[in-house]
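Novice: The following comprises the amino acid sequence and a computationally predicted model.
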Amino acid sequence: AEKLGLPQVSYAAEIKAEGNGVVVKRLLEDGYMMLKMQTPCLITCVKELNNPRYMSVSGIFECYSKPLAIYDYETLKDEPLIDPDTIGLKGSPTNVYKSFSPPVKGAGMMLEGADKATVDQLIGILDGKHII
């Protein structure tokens with residue numbers, strides 16, 4: 001939307017067409033925000049906005065006979081909005097310097113019983129690891 005100069009809103013929970021635009025109910029942590037936007041615009045939605053319908057068997061078979069167009073860089077390179085310096089890795093505003101998996105946590109320990117000896121054992125383990 002930014003590259004195309006379009007207004008955008010995210011977390012849409014409800015969308016209503018109104019005149020030449022749309023009214024969007026945007027989901028926030030503690031409530032909603034109502035926004036009115038002109039079209040064309042980009043709206044990203046929360047998954048609860050709609051219940052997806054399932055494809056029919058005839059629709060699935062019909063898909064196989066439809067043409068499939070693949071748009072890669074070679075196909076779109078002559079479009080005015082496609083600039084090699086602003087797409088792909090070169091044009092990304094994000095640079096990943098390091099990627100790693102978090103360390104694997106150690107195996108858990110199960111203590112049996114609910115008596116004073118078990119509690120004392122737990123306190124000893126936590127004290128030995130300097131947790132308490």
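Specialist: Yep, it's here. Numbers count the residues shown, from 1 in each chain.

Novice: quick one, longest helix in the chain?
Specialist: Longest helix in the chain by number of residues (criterion: DSSP state H): helix 116-128.

Novice: How far does it sit from its chain's centre?
Specialist: The chain centroid and the centroid of helix 116-128 are separated by 43 Å under CA atoms, centre = their mean, to the nearest Å.

Novice: just stretch 9-17 next, same as before
Specialist: 16 Å.

Novice: where exactly do the helices run in this protein?
Specialist: 57-64, 73-76, 88-91, 116-128.

Novice: Just send those back as JSON lines, with mean neighbour count, distance to Met37 and mean pLDDT too.
Specialist: For every residue, glycine as well, the C-beta is placed using N, CA and C. Formatted as JSON lines, the helices of the chain follow (neighbours: other CB atoms under 10 Å; distance: least, CB to CB, whole Å; pLDDT from 0 to 100):
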{"stretch": "helix 57-64", "mean neighbour count": "9", "distance to Met37": "32", "mean pLDDT": "92"}
{"stretch": "helix 73-76", "mean neighbour count": "10", "distance to Met37": "27", "mean pLDDT": "82"}
{"stretch": "helix 88-91", "mean neighbour count": "9", "distance to Met37": "26", "mean pLDDT": "77"}
{"stretch": "helix 116-128", "mean neighbour count": "11", "distance to Met37": "55", "mean pLDDT": "89"}
